[in-house]
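**Q** coords please:
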Amino acid sequence: MKSLKILWRVAADELAAWCHTSATQDYNTVLSRTEHEGESFLTITLPAFAKDFERSLDAGQVDSNSFAGFHLQRKGPLPRFLGGFLNQVFDPRTGRLLDQPNIDCIFAVRQLTMMFGKILLPCSDERVEDAIKGYIECEKEVARIAKIDAPELYSQFRRVATLLFGDCFSHVENQLHNGEIRPKHGPGATADGLRGNSKFDQREWPIRLEKLFPFGDYIFPNWRYASESLGDVHFLEPGAERPVKVITVPKTLKTPRIIAVEPTCMQYMQQALCREFVVSFESDRVGKNSRRNLIEGQIGFSDQVPNRLLAAEGSLTGELATLDLSEASDRVSIGHVENLLCNWPLLREAVMATRSSKAQVPGWGVITLSKFASMGSALTFPIEAAVFLTAVYMGIENGLNRRITRKDVESHSGRVRVYGDDIIVPVDSVCSVNQVLELLGFKVNTGKSYWNGKFRESCGGDYYDGVDVTPVRVRRDLPSSLTDAQGVMSLVALRNLFYLQGMWETTKWLDDRIGRLFPRGFPIVEPTSPLLGRTSFLGYQAERVCSELHRPLVRGYVAIPRTPNSKLDGVGALLKWFLKEGEEPFIDPNHLERQGRPLIVDIKSRWMPPY
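**A** Purely as a prediction, here's the structure:
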């Protein structure tokens, strides 16, 4: 933790120089509080300070409940901590937002309070238990809300969903009917423990899948191999299906992230449907007649930049709001999905067939799920986005006090966008959209939703009055040796982010620290170089020329992953070849010997091209 406090001091001194103030007393506060509270002051207390700061920006003033736990200035509502910055944003006597706040100070406060908010550190057992309890409570609430009779609400939901996604869903259903969907295996862990190439030899298949996705059609290269392998397959009745495995992974020190690890067979077919949803949602034309896709540009999965651009626009014009939902994926219920797909029975049946209905929860045993799926299912992201976009247009329709038309949806292009649970809507529709979301059982996270002031955030981009005030975040503790490969790669990435942010003194301090780890060189490289190097506007300088390829080389360090041993041959190897995407050969010529996420990464010195 000592190195983190020093990094905070270096960044604070540089930002204080930007803003013509001093951070000496602020650093003394950090030293004192961390001595008594430990690293939680940096990772929990300071991010809570940042939330109060953002709410004050949105409200236009500091209220009496803000900045709890920090001493206030003698005459006024502002805290003493970071007071030199805050006094240039809010009136020190009244707490009102200044007419022309110093945006550098806004960035400085956010940088110094959010820098360690998402560092990957394990939570305490108590916080993990609380997160699991929250998961169970959310499940109970979803089950309770699903029993509420709301025929008018869901009649509107079905109608609006049909307007928005009719062409896309019809296209995916046609792909299903024609047997043209292609499954794939995900890179992560599975509930049945299959990893790497072993997934291509899976021998477990639920009866629910068999009706629409026959094992022989999707697991064998062709049916001639069925006679030699079909006898080894375990076809599972619904009561014998393997449940998803609920686990926690580091997110922040305050709370872990909860993920449901799917069985291999379910993930395999979920990926097939996910591919079709994503392609159809993001295409400009869809269906047999190639009609213009009504929702083009209003829903995204692969590019967060459009959301960030709209957030920047909203912060400047005040016409767009950014909304965030709490427990978003866990609150999408079976009922939501059944209503979403009610006019496409084959597609609905396929989606439900690939959905795991039970979960193994630590300390709670196996429970039956009312939610559609948690994070971990390949279908969570596209399905929740479709549900949220439907809810948005239901709210817009209520605001118009008439049924929306295709022309209305087209007119909102560039004003509405959904990426996961990051939602952008016109400010004049916020109240009606929030009301619909709440009626459907979702929770709008008012602590991360903005529509009043000049602050907006979406998809990792934060803006005030059109200016990017996104802080640089430390993701891992600073490493002390090359044996901590993940820490070293994170440190290099951190250095380059500070450089691009223009924080030269902080960058220099990190360069010195990295230089001690990299005694054989830390060269300037392009982002495409395999070397762990420095980003710079000055460009690289060659240290030698390759005698064979006659290209420039520089000496630095490169991360070399050790892919786990995972041998595959026979039917599984042939299936892998048939499932390969594109015409190009496999990138790794040894993919049948080694496969899966690297368990070990080595850092080695090499002569490599700087581009």
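
**Q** Quick check: the gap between residue 41 and residue 53.
**A** According to C-beta to C-beta, to the nearest Å, residue 41 stands 16 Å off from residue 53. Where C-beta positions appear, they are placed from N, C-alpha and C, glycine not excepted.

**Q** More neighbours: which of the two?
**A** Neighbours were counted for residue 41 and for residue 53 using other C-beta atoms under 10 Å; residue 53 has more, 25 against 21.

**Q** right, and the more buried one touches residue 110 too?
**A** Yes - at 7.0 Å, residue 53 counts as touching residue 110 under the criterion of C-beta atoms under 8 Å.

**Q** gap between residue 529 and residue 576?
**A** 31 Å.

**Q** again with residue 276
**A** 21 Å.

**Q** Between those two, point out the one with more neighbours.
**A** Remark: of residue 276 and residue 576, residue 276 carries more neighbours, 23 against 20, as counted by other C-beta under 10 Å.

**Q** tally of neighbours for the closest residue to that one other than its chain neighbours?
**A** Among residues not flanking residue 276 along the chain, residue 172 sits closest, at 4.5 Å (C-beta to C-beta, 6 or more residues apart in numbering). Applying other C-beta under 10 Å, we find 26 residues neighbouring residue 172.

**Q** Now the element after the strand or helix carrying residue 172, going C-ward?
**A** Using DSSP states H and E, residue 172 sits in helix 151-177. For helix 151-177, the following helix or strand on the C-terminal side (DSSP H and E) is strand 204-206.

**Q** Next up, the contacts around the nearest residue in space to residue 78 that is not next to it in sequence.
**A** Excluding the flanking residues, the one nearest residue 78 by C-beta to C-beta, 6+ apart is residue 86, at 4.9 Å. Contacts for residue 86 (C-beta atoms under 8 Å, 6 or more residues apart in numbering) come out as 53, 78-79, 92, 105, 109.

**Q** and what of residue 188?
**A** Contacts for residue 188 (C-beta under 8 Å, 6+ apart) come out as 261, 597.

**Q** how about the nearest residue to residue 215, chain neighbours excluded?
**A** Nearest residue to residue 215, sequence neighbours excluded (C-beta to C-beta, 6+ apart): residue 205, at 4.6 Å.

**Q** contacting residues around that neighbour?
**A** Residues touching residue 205, when contacts are defined by C-beta under 8 Å, 6+ apart, comprise 215, 219, 233-236, 265.

**Q** low-scoring stretches of the protein, by residue?
**A** Counting by pLDDT under 70, the ranges of the chain that qualify are 227-231, 288-289.

**Q** longest strand anywhere in the protein?
**A** Longest strand of the chain, by residue count under DSSP state E: strand 552-562.

**Q** The residue lying closest to residue 40 once chain neighbours are set aside: neighbouring residues, count only.
**A** For residue 40, ignoring the flanking residues on the chain, the nearest one in space by C-beta to C-beta, 6+ apart is residue 253 at 6.3 Å. Applying other C-beta under 10 Å, we find 23 other residues in the vicinity of residue 253.

**Q** Make sure residue 253 is indeed in a strand.
**A** No - secondary structure of residue 253 (DSSP: H, G, I helix; E, B strand; the rest coil): coil, not part of a strand.

**Q** Correct me if wrong: it contacts residue 45.
**A** No - contact criterion C-beta under 8 Å: residue 253 and residue 45 do not qualify, at 10.5 Å.

**Q** where's stretch 250-258 relative to the chain centroid, distance-wise?
**A** Stretch 250-258 sits 13 Å away from the centroid of its parent chain (C-alpha atoms, centre = their mean, to the nearest Å).

**Q** quick one: the helices in the stretch 401-550 of the chain?
**A** For the stretch 401-550 of the chain, the helices defined by DSSP state H, counting those that start in this stretch cover 406-411, 430-439, 485-500, 504-517.

**Q** Reformat these as TSV; add distance to residue 176.
**A** Below are the helices of the stretch 401-550 of the chain laid out as TSV (distance: least, C-beta to C-beta, whole Å):
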stretch	distance to residue 176
helix 406-411	25
helix 430-439	30
helix 485-500	40
helix 504-517	51
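
**Q** wait, which of these is closest to residue 143?
**A** helix 430-439 (16.9 Å; C-beta to C-beta).

**Q** Could you verify my assumption that residue 572 touches residue 196?
**A** No - taking contacts as C-beta under 8 Å, residue 572 lies outside contact range of residue 196: 11.0 Å.

**Q** which residues of the stretch 251-400 of the chain fall in strands?
**A** 257-261, 285-286, 291-292, 320-326, 358-361, 365-368 (DSSP state E, counting those that start in this stretch).

**Q** Of these, which is nearest residue 415?
**A** Closest among the strands of the stretch 251-400 of the chain, using C-beta to C-beta: strand 320-326, at 6.4 Å.

**Q** List the buried residues of that closest one.
**A** Buried residues in strand 320-326, defined by neighbour count with 16 or more other C-beta atoms under 10 Å: 320-325.

**Q** Show me what it is packed against.
**A** helix 305-317, strand 422-426, helix 430-439, strand 443-444, strand 455-458 (3 or more C-beta pairs under 8 Å, 6 or more residues apart in numbering; DSSP states H and E).
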